[in-house]
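> Here is a sequence with its predicted model. Questions after.
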Protein chains: 4
Amino acid sequence: MIIVVKKDINEEFIENIKSTLSANGMSFDVLNGERYILIPVAGDLTTSDIGRFKAMPGVDRVVKISTPYVMASKSYRLKTVVDLGDGIKIGEGFTMISGPCSVDSEASLDKIAAFLSGRGIRILRGGTFKMRTSPYSFQGLGEEGVKILHDTAKRYNMRSVSEITDVRHIDLFEKYIDIFQVGARNMTNFALLKELGRCKKPVLLKRSVSASIEDFMLSAEYLMNEGNENVILCERGIQTFDDSTRSTVNIASIPIIKSLTHLPLLLDPSHSVGNFHYIPQVANAAVVLGADGVMVETHYNPAYALSDGFQSLNFNSFERMHENIKKLYEFMRESFTY
Amino acid sequence: MIIVVKKDINEEFIENIKSTLSANGMSFDVLNGERYILIPVAGDLTTSDIGRFKAMPGVDRVVKISTPYVMASKSYRLKTVVDLGDGIKIGEGFTMISGPCSVDSEASLDKIAAFLSGRGIRILRGGTFKMRTSPYSFQGLGEEGVKILHDTAKRYNMRSVSEITDVRHIDLFEKYIDIFQVGARNMTNFALLKELGRCKKPVLLKRSVSASIEDFMLSAEYLMNEGNENVILCERGIQTFDDSTRSTVNIASIPIIKSLTHLPLLLDPSHSVGNFHYIPQVANAAVVLGADGVMVETHYNPAYALSDGFQSLNFNSFERMHENIKKLYEFMRESFTY
Amino acid sequence: MIIVVKKDINEEFIENIKSTLSANGMSFDVLNGERYILIPVAGDLTTSDIGRFKAMPGVDRVVKISTPYVMASKSYRLKTVVDLGDGIKIGEGFTMISGPCSVDSEASLDKIAAFLSGRGIRILRGGTFKMRTSPYSFQGLGEEGVKILHDTAKRYNMRSVSEITDVRHIDLFEKYIDIFQVGARNMTNFALLKELGRCKKPVLLKRSVSASIEDFMLSAEYLMNEGNENVILCERGIQTFDDSTRSTVNIASIPIIKSLTHLPLLLDPSHSVGNFHYIPQVANAAVVLGADGVMVETHYNPAYALSDGFQSLNFNSFERMHENIKKLYEFMRESFTY
Amino acid sequence: MIIVVKKDINEEFIENIKSTLSANGMSFDVLNGERYILIPVAGDLTTSDIGRFKAMPGVDRVVKISTPYVMASKSYRLKTVVDLGDGIKIGEGFTMISGPCSVDSEASLDKIAAFLSGRGIRILRGGTFKMRTSPYSFQGLGEEGVKILHDTAKRYNMRSVSEITDVRHIDLFEKYIDIFQVGARNMTNFALLKELGRCKKPVLLKRSVSASIEDFMLSAEYLMNEGNENVILCERGIQTFDDSTRSTVNIASIPIIKSLTHLPLLLDPSHSVGNFHYIPQVANAAVVLGADGVMVETHYNPAYALSDGFQSLNFNSFERMHENIKKLYEFMRESFTY
């Protein structure tokens, strides 16, 4: 960090800053500029350190230089591939995860899994304990849903992913589910992150709608710092004044995040765009922007799904989108020069 | 809700919508306009219902009419006063909650509590299990901090409030802490909300930086729906492009929220403004805007606090602010005509 | 629009609303719901009408149904192609506009135009009267720059586009420039829009960083309403809290805007992303998202350009990007099925 | 500014940066840190300078230190009072500006001016050339409105303020209007700002909904830099996802802006809040937050006003608000200690 103080402040304030830095064993320099004195301080410092120095009398500003995450950054590793066994990998090739918003019933999920599996999809998603803004909305089938998801995935030799919302469900999920999903609204539930960081199964971490990219990386760091390095990132947009979509995915965020981290990065067009009309084109964009895959909601009859039908593709649309994505990915791999 | 369909769509689509509404026992009407057909549907509907109808072929838009929260609204009750015993109430008069950002040590907290108590402050705040964006920042004293907070508050006949971040800490907090605080980053941790909704002690619920006012009300509804009606709301701003403050408190949000709900509403100038220079004026604004109180961070030496010193007032500033607020509140009560 | 009034209001208020509607010749209906009375009103209404009814006693809310723009919408026309002569068209195929941020000098622009023209680019951009946030930044060469741009474009048989910032420059631009560009910061300079609406030359209208899609369409409507139907839209993102890019382009905004309007739509990756590293990938995304083209800044030596070097591509990067885009566009046209 | 380069880059890149700085006569230093080399550069630099250095190979980041505005800052002057003659001043005491959104007719404006003048209001506002998002909304009475406003203000010995939207209206406004108002949507119409900077009459400059505080200051700098130092700032909020108000005024922005500039600062509760219910409380907040005044819309019958009735106070509400504000301002002056 660099501590910036105005030229005309009391000499005593400068001495105070210097002695505090020394007392904390921090290595620093003092540079006299025309209107400011700059005090660059070496080493990685947390936001709290920065907050303390900002509070010291005479300090005009404190400028952060180094990024506060380490294990999630490219200097820690260049590439992470999450291996789910049987040739199913995330971070290599282009992965497609699909399934219904919520697990409605055994019969309904079976129908969807049969379709997806027939198209070569290997990872099945489905909400079981739902995060709903309103307590009066359908809250998911809970434990029953978890078991249905597990059985159905197994039947079709697929891997399962479902959102975990409570530390007390970890045992249940460890038993039945292959990938823990942390939803956007729990990206800052650090108690949950720490606990999942101690698990062995991969975690699919969604970006909170209020998170900067640095915040997103720091939540991944929470998981990795506890020992779980199988983290899959999932972009799903931020909260902005633009209400033409549920949230706003920055068109550049995929290449930017990929340049900062070795972790695989997916895009969730369903929850961000929230309107089935535009999902296929946005999924194509994910391919050319360098995402490692997409997670999209599919239902045989979206208008009758128990939640969020408007953001689910029906089988026909899914099929068309999937064909296009496969061709596009192949084309990119073969023809592009960078 | 009102289902809006374009005039020129297939007649069959209209029939389909009508039969779906009938099948779900919903009462509706069909109105032919110039360019649109409007189908107003009676009753309270959840976001999921709305999502399903939006997905039906032919539907152009679905417009929500009624608000989805009930118990948190003014139609449920006109005014809630949270009674903490010994004459300490929130929702009557103007309440001031204060204390350090984090509980650092017994000695340090005692010094702060002695000062606050001497000034007539009856509710002591202090972080124990801290929510930190980075895993490398100070995470709080945990259980030890909870006990220090409890003992210190008791010594000065104060009530205690601390943020709870994990459902597994509920027993600990129930034993030692008087008010459960739910932080902005946990406002959508619905698993935690449901569990706290089953507790008897009051909950101080902070607004998430990505929450609309309706989202905020719905989180309060989660608590009330489970049986806990002692909910205290706390505004602390939203995430915007304006980085002159940590988050942006809408100058009108206090009167707007107060017009919608019977629950007491506090303002937290420390975490929203994040700069001690402006906290006293913003606290004054809270008084004239009709807030039921403020929660501000105080430390005898902010630059040496273990977290967020920049947003804490020192004792002198606190004293001046407190004097002004008392005079201002008195003045408003006596002289204002509405 | 639909006027929503609460069930329990004074009967007199309802009568008052009804008589006001009648007095204004508006056709309406009155529908009694459980908790609300709905008064749908036929016809297209402006925001001012809506504002007036919201102010009437007893009114709870006014819901807008129809979109307030007509000529810019798909119901007016299905597709607009802007023809610039000599086979140069916008709205057919994928158009690439390029050039420096600012016109620096005759020699410098010539070098860039020679390169671009050699690569088949037919439209040359260059800032002449610059819109700079600070009065101390380089303000452009002004009239001299306009003439240099004109002469250079002519020499290479290209068309020219430059931002117009002042109604008093219209004559100058009409004489020398082929496409008037309206910058994001002037999208709501309605005096300028009206004047350009009376010109014959095409207008390239950029989206303001605070504009909703509807606001953007309404600014196009200002131009068309005065008679100029040669409007080219250009998306360049909105202001959000995400500062990883200069502004945030919603990944879905291209397909959404294209579904609403017949006007050609370009993307400006340079000003939105603001970092040359990510521009080529974002330009590729524009292709698959269905944009009609991109406008990118190019300079032979970006670090020495007089403005915004960081967002300009050098010749090598431009060449690589251009090759990729051509291949990608060709691939999409031939292989995609919708 | 400070140029930040990563430790491991090519030595040649560092030499290149150094020689570029030297060639531009910039004074700098080179500091070797653990992971970064910092190159602090002395002097005030524009955003374009910063952009150029960011584009140089090897540069990781460029950090801005000094603020880019000078004349608008407190180092230029401590306090500006705009004197409108006859004891009417802005920047001394608490100023109230009021009037209708639009000038509807001579009779209507007279009624409003008579009321306001009777209550001691000395500055009359009224829209004449309206900035409307839609070309189909009422566009104002234009020149006729300007004259009506002038005559009415004169009749009641008031000063007039009206929004100017076109450089070609400057002569007209100079003749008839006392204060040029620049609307939020024209805050970045730099051509207009430069021209008004050459006028003698004061300019009331509104903050754009997409402007940072620095952008706002820079627009004031445009005016002052051309010679007009009679600038009155007016906060009216920014664009955020919170749609409970028309725009979001940061509760802390008044004290923050006041700490940065000597210029008087008003708040416009009408256009920011956009709902007459909350305007009086927000106006009270402006008093305690240290604003130099408020500008509020008043109409004898808001529901029949030609524009934006919902955000106008009727006479009764205005009177109550005005009485409260006067008492509150008096109380603050007499009783507050800082």
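Alright, I've got the coordinates.

> which secondary structure elements does the helix or strand of chain A with the lowest mean pLDDT contact?
Using mean pLDDT, DSSP states H and E, helix A:47-54 stands out as the lowest-scoring helix or strand of chain A, at a mean of 73. Applying 3 or more C-beta pairs under 8 Å, 6 or more residues apart in numbering or on different chains; DSSP states H and E, one finds that helix A:47-54 makes contact with strand A:59-63. Placement of C-beta: from N, CA and C, glycine included.

> Under a three-state scheme, what state does residue A:295 occupy?
On the three-state scheme (DSSP: H, G, I helix; E, B strand; the rest coil), residue A:295 is labelled strand.

> Please tell me I have it right and it contacts residue A:232.
No. The pair residue A:295 / residue A:232 is not scored as a contact, 9.6 Å apart, by C-beta atoms under 8 Å.

> And residue A:316, how far from residue A:97?
Residue A:316 is 19 Å from residue A:97, where distance means C-beta to C-beta, to the nearest Å.

> for chain C, what are the nearby residues on the stretch 101-250 of chain A?
Counting by C-beta under 8 Å from any C-beta of the partner chain, the residues of the stretch 101-250 of chain A close to chain C are A:210, A:212-213, A:237-238, A:240-245, A:248-250.

> Just the buried residues from those residues, in ChimeraX please.
For the buried members of these, the matching ChimeraX selection, counting by 16 or more other C-beta atoms under 10 Å in any protein chain shown, is:
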select /A:210,212,213,237,238,240,241,242,244,245,248,249,250
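
> Columns distance to residue C:263 on top of the residues of the stretch 101-250 of chain A next to chain C, output as JSON lines?
Formatted as JSON lines, these follow (distance: C-beta to C-beta, whole Å):
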{"residue": "A:210", "distance to residue C:263": "34"}
{"residue": "A:212", "distance to residue C:263": "34"}
{"residue": "A:213", "distance to residue C:263": "33"}
{"residue": "A:237", "distance to residue C:263": "26"}
{"residue": "A:238", "distance to residue C:263": "28"}
{"residue": "A:240", "distance to residue C:263": "23"}
{"residue": "A:241", "distance to residue C:263": "23"}
{"residue": "A:242", "distance to residue C:263": "19"}
{"residue": "A:243", "distance to residue C:263": "22"}
{"residue": "A:244", "distance to residue C:263": "17"}
{"residue": "A:245", "distance to residue C:263": "20"}
{"residue": "A:248", "distance to residue C:263": "22"}
{"residue": "A:249", "distance to residue C:263": "24"}
{"residue": "A:250", "distance to residue C:263": "24"}
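
> distance between the least confident helix or strand of chain A and the chain's centre?
27 Å (C-alpha atoms, centre = their mean, to the nearest Å).

> Okay, angle between it and strand A:59-63 too, please.
Computed by axes from the mean of the first three to the mean of the last three C-alpha atoms, to 10 degrees, the angle separating helix A:47-54 from strand A:59-63 equals 160 degrees.

> Mutual contacts of residue A:295 and residue A:232, please.
Jointly contacting residue A:295 and residue A:232 under the rule C-beta atoms under 8 Å, 6 or more residues apart in numbering or on different chains are A:204, A:266.

> so how far is the first residue of stretch A:194-205 from its last?
Criterion C-alpha to C-alpha, to the nearest Å; first-to-last residue distance in stretch A:194-205 is 13 Å.

> Next, the buried residues of that stretch.
Within stretch A:194-205, the residues scored as buried using 16+ other C-beta under 10 Å are A:194, A:195, A:196, A:197, A:199, A:202, A:203, A:204, A:205.

> Strands - which of these land there?
Counting by DSSP state E, the part of these found in strands is A:203, A:204, A:205.

> Reformat those as CSV; add pLDDT.
As requested, these are exported to CSV (pLDDT from 0 to 100):
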residue, pLDDT
A:203, 98
A:204, 98
A:205, 98
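
> quick one: which of those residues is nearest to residue B:219?
Set against residue B:219, the nearest of these by C-beta to C-beta is residue A:205 (22.2 Å).

> For that closest one, give the beta-bridge partners.
Beta bridges link residue A:205 to residue A:182, residue A:233 when assigned by DSSP bridges.

> Tell me who's in contact with it.
Going by C-beta under 8 Å, 6+ apart, residue A:205 touches A:182, A:187, A:216, A:219, A:220, A:223, A:231, A:232, A:233, A:234.

> So which of the residues you listed wins on neighbours?
The most crowded member of the contacts of residue A:205, judged by other C-beta atoms under 10 Å in any protein chain shown, is residue A:223 (29 neighbours).

> Check which helix or strand it maps to.
Secondary structure from DSSP states H and E places residue A:223 in helix A:213-225.

> can you check residue A:319 too?
If you go by DSSP H and E, residue A:319 is part of helix A:315-335.

> The least confident helix or strand of chain A to helix A:213-225, inter-axis angle?
Here helix A:47-54 runs at an angle of 130 degrees relative to helix A:213-225 (the same axes, to 10 degrees).

> now the closest residue to chain D within the stretch 51-200 of chain A, nearest residue through space, not along the chain?
Closest approach between the stretch 51-200 of chain A and chain D, counting by C-beta to the nearest C-beta: residue A:63, at 5.3 Å. In space, and not counting its chain neighbours, residue A:63 is closest to residue A:2: 4.4 Å by C-beta to C-beta, 6 or more residues apart in numbering or on different chains.

> how about that neighbour, what does it touch?
Shown in contact with residue A:2 (C-beta under 8 Å, 6+ apart): A:38, A:39, A:40, A:41, A:62, A:63, A:65, D:2, D:38, D:63.

> which one among these gets closest to chain B?
Distances from chain B to these, taken by C-beta to the nearest C-beta, are shortest for residue A:62, at 8.8 Å.

> thinking again about what came up before, neighbour-wise, which of the contacts of residue A:2 leads?
Going by other C-beta under 10 Å, residue D:2 tops these with 24 neighbours.

> Can you give the contact residues for the strand or helix carrying residue A:116?
Here residue A:116 sits within helix A:106-118, counting by DSSP H and E. Contact with helix A:106-118 is made by A:98-100, A:103, A:124, A:126, A:148-149, A:151-153, A:155-158, A:298-300, A:315, A:318, as judged by C-beta under 8 Å, 6+ apart.

> What strands flank the very next helix or strand once past it, and is each parallel or antiparallel?
Later in the chain than helix A:106-118, the nearest helix or strand by DSSP H and E is strand A:123-125. Partners of strand A:123-125 in the sheet, by DSSP bridges, are strand A:95-99 (parallel), strand A:159-163 (parallel).
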